[in-house]
Every structure is written in C-alpha cells, then in structure tokens.
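**Student:** just to be clear, the model below is a prediction. Sequence and coordinates:
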There are 2 protein chains.
Amino acid sequence: MELFEKHKGFLDRAIQANKERTFYAAYPEFPSKETYGEDADKLGQTFFKDSLGKKFEELNSEGANSWVGGEESPYLGTELGIQYPFYESDELIKRAMDSWGEWKSCSPEKRAGILIESLEGVKKRFFDIAYATMHTTGQGYMMAFQASGPHGADRAMEAVAIGYEELKRFPDSASWVKPMGKYEIKLKKSWIPQPKGISLVIGCSTFPTWNSVPGLYASLITGNPVIVKPHPKAILPIAIVVAEIQKVLKSQGLPMGICQFAPDTIEAPITKKIAANDSVKLIDYTGGPQFGDYVESLPGKTTFTEKTGVNSVILHSANDISKVAQNLAFSVALYSGQMCTAPQNIFVPKSGIDSPEGKVSAEDFARMLGESIDGLVNNPKAGPFVLGAIQNSNTLERVSGFDGGKKVLEDHEVENPMFQSARTRSPKVLLMDTSEKDKFSMEQFGPLAMVIQTENIEESIELAGDLAEQHGAISCGAYTNDENIKNQIKDRMASSFTPVSFNLTGNIYLNQHAAFSDFHVTGGNPAGNASLTNPEFLIKRFVWVGFREPEI
Amino acid sequence: MELFEKHKGFLDRAIQANKERTFYAAYPEFPSKETYGEDADKLGQTFFKDSLGKKFEELNSEGANSWVGGEESPYLGTELGIQYPFYESDELIKRAMDSWGEWKSCSPEKRAGILIESLEGVKKRFFDIAYATMHTTGQGYMMAFQASGPHGADRAMEAVAIGYEELKRFPDSASWVKPMGKYEIKLKKSWIPQPKGISLVIGCSTFPTWNSVPGLYASLITGNPVIVKPHPKAILPIAIVVAEIQKVLKSQGLPMGICQFAPDTIEAPITKKIAANDSVKLIDYTGGPQFGDYVESLPGKTTFTEKTGVNSVILHSANDISKVAQNLAFSVALYSGQMCTAPQNIFVPKSGIDSPEGKVSAEDFARMLGESIDGLVNNPKAGPFVLGAIQNSNTLERVSGFDGGKKVLEDHEVENPMFQSARTRSPKVLLMDTSEKDKFSMEQFGPLAMVIQTENIEESIELAGDLAEQHGAISCGAYTNDENIKNQIKDRMASSFTPVSFNLTGNIYLNQHAAFSDFHVTGGNPAGNASLTNPEFLIKRFVWVGFREPEI
C-alpha cells in the first residue's frame, strides 16, 4: 500500500482531470533539459545504440523457449538485430493463468500503486523510448518523444484513473434492511469487480506504445493478466514499458505472468493462436481492418479495436484561406500521413469556399494546399522532421502508384540531413470530382491527400458522413463561419459517430487527440469498436458479482 | 422541463440509492389499500374483465395494418381474445427513424421527466397490470402485483437513474487551454452522448414487464427510439406500460414512433425481421437460449440478453436444517419454478450436512425438502397462491416426463379454489448421484428440484461452478457455517460470475433479486450477456462524440 500512498495525490488529480475534461498533462510533453535532465537525450541515444545487435535483457526471460526479433530502422535502412525472449503461446497462457489469482487478490489500491509506479519508471525512459520509436516506426524525433513518451503515459494514466474510479464506484458492502411491516429483513450484501480473464494486447507498427498502453493498463488495473503481443516491426518501445511494469511487479514479489511479453516475427506469427485460446477473454487491437474484423468476430471475447478510417475535411467558409491551407498541409505531412487521424479527403463545393477575398475554388485550394505542403517539406529545418520516415515500404509503393483526377503535387523523396538512408516520401495531392468515388472511399494510408469538388456543401457533408458510416472515420475537420452549416455538420458527423474539429488554424491540428479530454475513436463506426478512454473501455473488463447473507 | 422539475427529487433519490446499494423501493411493493386506494384492486379486476374479447384501444393505432392477439389465461384455460394494433416491421422501422430526431434532441432532463411521469402513470395501473400478468403468465396474485408492478417500476426507475447519471457524467463543454511556453492554445471542446439507433426489446412469457422495462427505459433515457416486441402469450401487461409512455409522449407533442408496440402471434412471428434490420442497433432479449444465441450472433448490434441458467444450491452446514428445507421448498415452489433464478440442483456431500443434530445425508435432506414442499403446496391457504399456474403446457409435460435417480416427491395438480381450470403443478423432487450428470446439467425449466449426492463439499463447489460456467447460472444458494468453505464458494462462483446467497432462512429467498441493490444476471456466464442494471447496461446504448473549435 505504500506505493498507493505515494501516488494517491497524482491519481486523484488524474481522476479529476477525467471529470473536468480541461487540459491536463500528467507527464510533461516537452523534452526539455529542465524537466528531464541535462543528459537525458544523450543517454537515450546511447541506450539505443548499445541495444543494437544484442539480447534485450530487461524483460523476464526465465524459461524462455528462444529469442526472436526482426526490427528494421526506417531511418538507417538496417536491421536492429535486437532479440527478445520468446515463449510458446501455451506457455504464455499457462503462466498468465497461474499468476492471475495473485493479481486478482490485490486491491484496486495496490494495483493502482504498482501501475503508477511503473509509469514513473517509464517516465525515466522517455528518451530511450523516443529513439526506439523513431527507429522502428519512422516517426520524427519530436513525435516519437511525445507520442510514445508523455502522451502515451498520459493515456495509460487515464486508463488507470478511470479504472480505479469504476472499481470503487460501488461500496464493497452494504447493510440492506427491508421493512416488512411488523419485522424487517436484514442482509449484508457485498460486491466484487471480478476480472474477466487473460487480456491480449496486440500492438501496431506506427504507434507501438500510444496505441497499446491504454488496453494494457486498463486490463491490469481491473485485475486481468496481460499478454502484450507487439507488432514484429515495432517491439523495442513497448518492450521497455513492459520491462518497467515487470520491475515493479518483481519488487512487490508478484509473478511475472501478470504482465508478459510475446514478441513474434513476420515469418512465424503467433497472434491468432493466442487470441483463439479459450482463456483469453479480452483483446485490444490496433491495426488493419482485415485482422481487426477477425478479432471482433471471435466468439466469447470482449474486444477493443482500432482499425482504419477515411477521414474527411469539409471546407465551407474561412476568414483566412491560406492559414487553412497551411494548417491542413501540416496535418497531411505530419509523420507522412501515417496517422489514423490524418485527413485524406478534402471536400470543396463547386461554388467554392467563401472567403473575404471571394470564392476559392477546389482547384485554387488544391493549389494552395500543394504550395503549403511544398513549402513545408522543402524547408530543411522543418520538412524532414515533420515527415519522419515511412514505416513500411508497402506504404511508399501504394502512394507512388496511386493515381486519379489531376495531379496537383507529386510525391517525392525528401533528404534527411541526419539519416542518409531514410525511407522518406512527401505527400501527393490530387484534385478530383465525385465521379472517382471509388478512389477516395478507401483509406489510402500514407502521404496522400485528395481535394474533391462536390456539387454543394450538402453533398460534402453527406459524403463525409456516409464514408464515416460505411468505412469508418477517426477524425473530421470542418471550416465554416456559418452556424447553420456548423450544426448540419455536427448532426451528420455525430450520427456517424465521428468527432469534428472546427476551424483549426495555427499550431493545433485535427489529427492530435489528447488524453483526459478527447475520446479518441468513438467506437461507433467501422473505424473501431472502442473509445479511448471512456468508462466503457474499463467496465467491460470486469463483472460485478454480488454476495448476500443474513446480517446478525 | 416542468416534468423534470416535478420529478427531480425522486430522480436524485434513485441515483443516490444506486450508489448506496442499501434497501430502496421507489414504488411501494405491498398492494395495500392505504397506499393504492380502497377500490384499486376492484378496479383492476374490472379493467381486466372489460378488456376481454375487445380491441385494446389505449395504444397508438394510427395507420395500423391490422389487429392481432392470441393470449390465453393459464388460470381460466380460455383465450383472452384481446386484439392489439399490428404494424408491419418496415412500417415500425420507418416510424422509429422518423421520430428519432425529435427524441434525440430532447435533453436528458426532458427525457427523464417524461419517463418518470410515465412510471407515475404505470403506478396508477399496478392492479390492472397485476391481473393482466396473472392471466398471461400464470403468476400468483402477489407475485403478479409485485413483480410486474412496483418491482418492475423500480427496475425501470433504476435504468432511468443510472442512464441520467451517465448522460450527465461529462461536462457539456469545457475550455481547454494548453500552455505552449510563450503562448497558449485555447479550444472550446464539447461532447454529446449520441444514441446508437433503434432499440428492439423482446419480451418473455413469464415476466412480461419486469424483464422488459429495464431495456425499454434504458434505451429511451439514452435517446434511442424503442420497438417493444412482447411475447405473443404475454402482451397485455407490457401493452399497458407502453400505452402509459405513449400518453406522456403525446401530451408533450412528441411522435409515437419514439416508443412503438409490435405484437405478433405464434403463427406469424415478426421478431427476426425486425431484429435483422440494419437500423436496429440495440436488442434486449429475455427468453430461451436458442433464440438468445441468435440475437447475440447478429453482426453490428449491441445486445443485452438473459437466457437460461442451471442454478445450484451448495449444502455444507447449517444450524437449523428444517429451516433450510423450508426456505428452499418455498424457492422451488414459488411460481412453480418458472423463474430464471429458481434453484434446480441441490448438492449434498456424501458425508452429509453438518448440523447440531449430527450429519444429515442427501437422502434425509431430500425427504425433508419433499415434506416441506408437500406441506406448503397442500396448504390450501398458501399452496395454490405460491405455485400460481403453469404458463406453457410444454413445461408441464417436460416436468411430468422427467425422470432420474429416486423419486422423492411426485409432481401433481393442486386445486386452485378460485380457478377451477387452472393449469397447476407442484414440484417434483428427485434424489440422484453425480453419475446422472447429463440430467442435471441442463436447465429443466419448471417445478423440479434434484438433490444430488456428491463425493465431498469440494465436488459440490466444483459442480456448481462448472455448470454455471458451461451452462450459465443466475443465482446460487449456499449454506455453511465455515468461513473457509464460504470463501471457497465465493471464489469459485465469482470466477463463474454467479452471485451467491448464503444461509438464507425465513422470508427471504435466493430467487429474489432487487433493483437498486442486486445486479441481476452478472452478464459474465452463458445465462446472459448483460447485468440489470449496472452502468454498462446504459453506456453501451450511446456513444460519446466530441467537437472542438478555437475559443475566441
């Protein structure tokens, strides 16, 4: 309980932040020397270099069947050569089941204390995780630090806070006294939040911690043992997080089966074997829609998925069109469009966008967007760092090969001054009309934006809504000065369960979703069946079971 | 909003009761004249008699395609001949979709006010509903009054209270100010709980209001239009409830499509056609497992099911065995075992039950239970009223034809002094050992109890746990004076997600689950996938959608 006492104030603040939904950062998001120490960055670089070509020994490896690995750096163009302890899936299941009882019997306070302590350990590794993230996902340095480090830890903390709140929502016991006229019936009633069973967290290649820690911490705070199955191309960042959790478990004399790591390789995948096991009751998944649909279809499992989306921007009117173009240019270029929240389709009505300078046509806007992107990516002080590198060469080929409408901006390599071998690609911009709906109805993952001319604003709204409903959407941008149009957009996108960012200009972008405030993915459209983090994300991981007996 | 103001205190009290989990009855459960009026009972009888052989005109019937009905009284042995307005399923869907917008745009306060006002209307109909329930389900008068009346209304109120709380859980909007060093980013963020879509509530033949109103009120408070599909043999009780809701909607100028009634007949069922419609997003179901499995398997729906269970009693030790036998005798006889919570399997270790008088063997206990049941059912002042009548003649045939082990008590008809034609059956008691596991592994719905001799208490606990896990369980009884054994039972039944009532004697029974305190059905085993009413039962009916824009 001393860990709980140590972190209680921090936990209370996070619970409060979830209620208020005002800005809150549990972990400082800037990699400043004042916050993290003079040498922090250098130590992170050293950690990464020293890890290459070796066994990653921080994870529990007792009784491991072998060591596996197969990561490559999109910046270096080389294999990392890091090996992680591998266990066969039956072994993982057995260890999880054997450890469950001890974890279940820990109080919510004890679990919260352990988990927050582990996040404090993770905080000390933010720079290690940043370099691990860069060299597996291709993210630029700043995103790699923020998303995998403090923002990821915020998301984990958010899950712990809501989970703790839900576990403590009902009294442990109550005296139930029922008046029966001349006498009364007295029962002592008690309730326990019974965890559902083994939780499998399946990671993705682009956001290996940010997308995995919510499910990981949500399952742990609610008393379930977790098996973390990282994407075979992005293992190290989340390996560090699991190692930090295992460290605290060990210090508390708890078994390692409570939180296990299950790396595999592209050649010998193990995910399905674990997922299909009867003892696995919870599955968190981030990744492509095909495997996501498989996960959702598994009988007898509670699943939390984030798959794919076709994100739209609806342009109607704006006071400063060039600022809109600049803002969207950044959103499109950021991490080369490899974000689930990146905008893809930009709808402009045939009559143009209303602006103080008159109407701006789809063609004009496409040109402005192209120029803004061009200016950004070719600025050597910004472009390479905003773009980062392409995680998977398939993305590069898909974008290069994608054609339609009129090409406004060609995609091309962008030289990275720090990494000569970096796999880079700037965004392609196409201008088309709605006759090419088959092109823009699918997610085209990667650096690609389509400016689409519609009949009118109503068609723009309908298309954005329909695409979200049919193919999923995780974000939506809209620009309008008209309250009536704004409400129409709100109504239509709400009914397709898609959040909307209105009139963003300057340094805030529609593809940034914050913990403690935005419900990332609503869970209501095909982009995913869960929202991170709303109360449902926690309470579906355990079951209230009641006991009653006469009170004497 | 005046309805909300009128009922606000009542709502607050219910929200508080849900938090405290101490005894709370929103609606007085005794049919006393002081509470409900001198003539209330007589008026209820008159209402029922006057309804026979006529069209039920209280429901909206505008544009109805025809009138249908096919109820029979298990007491009178005759058809009720009441006809209800019938709409084709496409028509129901269209009307629901057309009305949704208006209901969605009502605030949680407005919806709560309307729904509580409808329950106040239902309260004035408790005696109408009681007689309607008796003559469709076969329940005895007291149960018909309590379960379909005040207890049902309590369950509806519980759903409204938790729903309201969840809808108001997050602020409508918040100022989000993010410090960025030299400047700050200011966003106005807002969130709405977006209802999922059409809700279908499928009723059962034994508890037509108690089992249906939680889903009905849960979907309505969260902004979804509801179609209530009653069991074709138990229409009138829930028809009254829907009529009362429609009355309040009408008084508020709201469309009838918000809450529609969809009766059908055994010969021409319409449930699957409605359930499979793409616009139906929520399904509440109570009934047999086969149809329940179909409901759960429908893709793209959020389902809340209560199916079936094999409920166990574990006997280990007791201070007064005869009181245990009497208590269980009542539980077995109540409504002739036609309750989802009725005990079926009573496990006694070979070494016997510990008692102050020494060990009581399975055979001895079976005899005591048989005698207690015999005494109860043959007491003309109690038996016929506790037993009620058999809703479905199949139940009667199944129980009569069921055999196994040694017959301790034969089932037989019990004369009902008020209804000569009543379809009655007293419980059968069988004594067997675990070699006949195939007999007691299935739910044998109706008046039947099996006393099963096990090797030891450990086997009793394992059997109760395994059966719950594999076949579902909604209740469990246990009798022990040993804390260690009690904890073993708690652990095992918690891990099969089954609530346990310990050491009940006197006038409290394991098959009674109360609103505002017990989580009826845990949702964790095959007996059903939802718990009534926990927060999950509400929050799965809507989706949080957020909007953001710069704050100026």
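**Tutor:** Received the coordinates, thanks.
**Student:** check chain A for its longest strand and report it.
**Tutor:** Determined from DSSP state E, the single longest strand within chain A is strand A:184-195.
**Student:** anything in that strand near chain B?
**Tutor:** Yes: under the criterion of CB under 8 Å from any CB of the partner chain, chain B is reached by strand A:184-195 at A:Ile185, A:Leu187, A:Lys189, A:Trp191, A:Ile192, A:Gln194. (C-beta placed from N, C-alpha, C; glycine too.)
**Student:** can you tell me the strand partners of that strand and which way each runs?
**Tutor:** In the sheet, strand A:184-195 lines up against strand A:173-179 (antiparallel), strand A:542-550 (antiparallel) (DSSP bridges).
**Student:** in it, which residues are buried?
**Tutor:** A:Ile185, A:Leu187, A:Lys189, A:Ser190, A:Trp191, A:Ile192, A:Pro193, A:Gln194, A:Pro195 (16 or more other CB atoms under 10 Å in any protein chain shown).
**Student:** same question for it, mean pLDDT?
**Tutor:** Mean pLDDT, taken over the full extent of strand A:184-195, equals 97.
**Student:** now swap in stretch A:285-299 and tell me
**Tutor:** 95.
**Student:** what residues does the stretch 101-250 of chain A put near chain B?
**Tutor:** Within the stretch 101-250 of chain A, the positions adjacent to chain B are A:166, A:169-171, A:174-181, A:185, A:187, A:189, A:191-192, A:194, A:196 by CB under 8 Å from any CB.
**Student:** check which helix or strand covers the residue of chain A most remote from its centre.
**Tutor:** Each residue of chain A has a distance to the centre, and by CA atoms, centre = their mean the biggest one is for A:Lys182: 59.4 Å. Using DSSP states H and E, A:Lys182 sits within no helix or strand.
**Student:** distance of it relative to A:Thr341?
**Tutor:** Between A:Lys182 and A:Thr341 the distance, using CB to CB, to the nearest Å, works out to 65 Å.
**Student:** residue boundaries of the helices in the stretch 151-300 of chain A?
**Tutor:** Ranges of helices in the stretch 151-300 of chain A, per DSSP state H, counting those that start in this stretch, are A:152-167, A:213-221, A:236-251, A:271-276, A:289-297.
**Student:** most tightly surrounded among those?
**Tutor:** Greatest average neighbour count among those goes to helix A:213-221 (a mean of 30), per mean count of other CB atoms under 10 Å in any protein chain shown.
**Student:** alpha carbons of that helix, as CSV, please.
**Tutor:** C-alpha atoms of helix A:213-221 as CSV (Å, rounded to 0.1, in the frame of the first residue of the first chain):
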residue,chain,number,x,y,z
VAL,A,213,-0.7,1.2,-23.2
PRO,A,214,-4.4,2.1,-22.8
GLY,A,215,-5.5,-1.5,-23.1
LEU,A,216,-2.5,-2.8,-21.2
TYR,A,217,-3.1,-0.5,-18.2
ALA,A,218,-6.9,-0.8,-18.4
SER,A,219,-6.7,-4.6,-18.2
LEU,A,220,-4.1,-4.6,-15.4
ILE,A,221,-5.9,-2.0,-13.2
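**Student:** now do that helix: which elements does it pack against?
**Tutor:** With contacts taken as 3 or more CB pairs under 8 Å, 6 or more residues apart in numbering or on different chains; DSSP states H and E, helix A:213-221 sits against helix A:108-123, helix A:152-167, strand A:198-202, strand A:226-229, helix A:236-251, strand A:280-286, helix A:535-539.
**Student:** orientation of it relative to strand A:184-195 in degrees?
**Tutor:** If you take axes from the mean of the first three to the mean of the last three CA atoms, to 10 degrees, helix A:213-221 sits at 140 degrees to strand A:184-195.
**Student:** who's in contact with helix A:213-221?
**Tutor:** Contacts with helix A:213-221, where a contact means CB atoms under 8 Å, 6 or more residues apart in numbering or on different chains, come from A:103, A:108, A:111-112, A:115, A:152-153, A:155-160, A:162-164, A:167, A:199, A:201, A:226, A:228, A:238, A:241-242, A:245, A:258-259, A:282, A:284, A:304, A:532-533, A:537-538, A:541.
**Student:** list of residues touching the helix or strand harbouring A:Asp374?
**Tutor:** Element membership of A:Asp374, judged by DSSP H and E, is helix A:362-377. For helix A:362-377, the surrounding residues in contact (CB under 8 Å, 6+ apart) are A:315, A:321-322, A:325-326, A:328-330, A:332-333, A:346, A:348-350, A:352-353, A:360, A:382-383, A:386-387, A:408-409, A:414, A:426-427, A:429, A:431, A:449, A:451-453.
**Student:** remind me what whichever helix or strand comes after it packs against, helices and strands.
**Tutor:** Downstream of helix A:362-377, the next assigned helix or strand under DSSP H and E is helix A:383-387. Secondary-structure packing of helix A:383-387 (3+ CB pairs under 8 Å, 6+ apart): helix A:321-333, helix A:362-377.
**Student:** reformat those helices as CSV; add mean neighbour count.
**Tutor:** Below are those laid out as CSV (neighbours: other CB atoms under 10 Å in any protein chain shown):
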stretch, mean neighbour count
helix A:321-333, 23
helix A:362-377, 21
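**Student:** need the ones you listed in TSV with distance to B:Leu396 and mean pLDDT, can you?
**Tutor:** As requested, the helices and strands packed on helix A:383-387 are exported to TSV (distance: least, CB to CB, whole Å; pLDDT from 0 to 100):
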stretch	distance to B:Leu396	mean pLDDT
helix A:321-333	69	98
helix A:362-377	73	98
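**Student:** how about the ones you listed, which one is nearest B:Phe519?
**Tutor:** Of all the helices and strands packed on helix A:383-387, helix A:321-333 sits nearest to B:Phe519, with 44.9 Å by CB to CB.
**Student:** give me whichever of the strands paired with strand A:184-195 is most buried.
**Tutor:** By mean neighbour count, with neighbours taken as mean count of other CB under 10 Å, strand A:542-550 ranks first of the strands paired with strand A:184-195 at a mean of 22.
**Student:** can you tell me what sits against that strand?
**Tutor:** Residues from elsewhere that reach strand A:542-550 (CB under 8 Å, 6+ apart): A:167, A:170, A:176, A:186-196, A:222-224, B:490, B:493-494, B:497-506, B:508, B:518-519, B:522-524, B:531, B:534.
**Student:** what about the helices in the stretch 451-552 of chain A?
**Tutor:** For the stretch 451-552 of chain A, the helices defined by DSSP H, counting those that start in this stretch occupy A:457-471, A:483-495, A:535-539.
**Student:** now the longest one: buried residues?
**Tutor:** Spelled out, that is helix A:457-471. Buried residues in helix A:457-471, counted by 16+ other CB under 10 Å: A:457, A:459-469, A:471.
**Student:** now, which of these sits nearest A:Arg13?
**Tutor:** Comparing those against A:Arg13 with CB to CB places A:Ala468 closest, at 34.5 Å.
**Student:** hmm, the closest one is touching A:Thr498, no?
**Tutor:** Yes: counting by CB atoms under 8 Å, A:Ala468 touches A:Thr498, with 4.4 Å between them.
**Student:** got any residues that touch both of these two?
**Tutor:** In contact with both A:Ala468 and A:Thr498: A:Cys476, A:Asn525, using CB under 8 Å, 6+ apart.
**Student:** which helices and strands sit right next to the helix ranked longest in chain A?
**Tutor:** In chain A, assigned by DSSP state H, the helix with the most residues is helix A:2-20. Applying 3+ CB pairs under 8 Å, 6+ apart, we find helix A:2-20 packed against helix A:108-123, helix A:152-167.
**Student:** kindly report the domain assignment for chain A.
**Tutor:** In terms of domains, chain A is parsed into A:2-307, A:312-502 (source: automatic domain parsing).
**Student:** now do the same end-to-end measure for the shortest one.
**Tutor:** Pointing back at domain A:312-502 there. Using CA to CA, to the nearest Å, the end-to-end distance of domain A:312-502 comes to 12 Å.
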